[in-house]
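Chemist: Quick one, what's the 3D model for this:
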Amino acid sequence: PLQIELQECEQNTVVLDSLNNVAKQLVNNEFLKHRDKRVRAIVSCCLADILKLYAVDQPPYSDNELKAIFSLFISQLKELSNISDPYYDNRFYLLESLSMVQSILIIKQLNNSAAMMTELFKTIFGLAK
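Modeler: A predicted model of the protein is given here:
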């Protein structure tokens, strides 16, 4: 599956051009706003891996696409409080990926990022309670 393939890719060895098509397909609203929780959880992990592979300074997305991606990330992170959720592992992977790769830094590059940054930190601090 795509999720495993992306997780196993190494940032320094992957040919980014080979990921362009997948990167663009993943930001389609069909995936970002899919009605199935499992699909949204997997897509969020795949997008986190795409951001990792492209590096923080060169994401393959427009500002609007990045805002949609981080909105998805925030909604997924809010679900981490339920450890019995069947997609908990996906969401925890997302949190780990965002913290290790520092993809969160992309938010501050976006226009009007303060509200999104505030929501992200409220979500993370809410989980720490």
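
Chemist: middle-most residue in the chain, spatially?
Modeler: The chain has residue 48 as the residue nearest its centroid, 3.7 Å off, counting by C-alpha atoms, centre = their mean.

Chemist: so what's the closest residue to that one other than its chain neighbours scoring on pLDDT?
Modeler: Leaving out its chain neighbours, the residue that sits closest to residue 48 by C-beta to C-beta, 6 or more residues apart in numbering is residue 97, at 4.1 Å. No exception for glycine: its C-beta is placed from N, CA and C like everyone else's. In this model, residue 97 is scored at 91, pLDDT.

Chemist: now that we're looking at residue 97, which residues does it contact?
Modeler: By C-beta atoms under 8 Å, 6 or more residues apart in numbering, the residues touching residue 97 are 45, 48-49, 52, 103.

Chemist: what about the nearest residue to residue 82 once chain neighbours are set aside, how many neighbours?
Modeler: Among residues not flanking residue 82 along the chain, residue 88 sits closest, at 6.9 Å (C-beta to C-beta, 6+ apart). If you count neighbours by other C-beta atoms under 10 Å, residue 88 ends up with 15.

Chemist: who's in contact with residue 88?
Modeler: The neighbours of residue 88, taking C-beta under 8 Å, 6+ apart as the test, are 79-80, 82.

Chemist: now the chain, which segments are flagged as low pLDDT?
Modeler: The chain contains residues with pLDDT under 70 at 56-57, 129.

Chemist: and if we set it to 90?
Modeler: Along the chain, segments meeting pLDDT under 90 span 1, 9-18, 54-59, 98-117, 120-121, 124-129.
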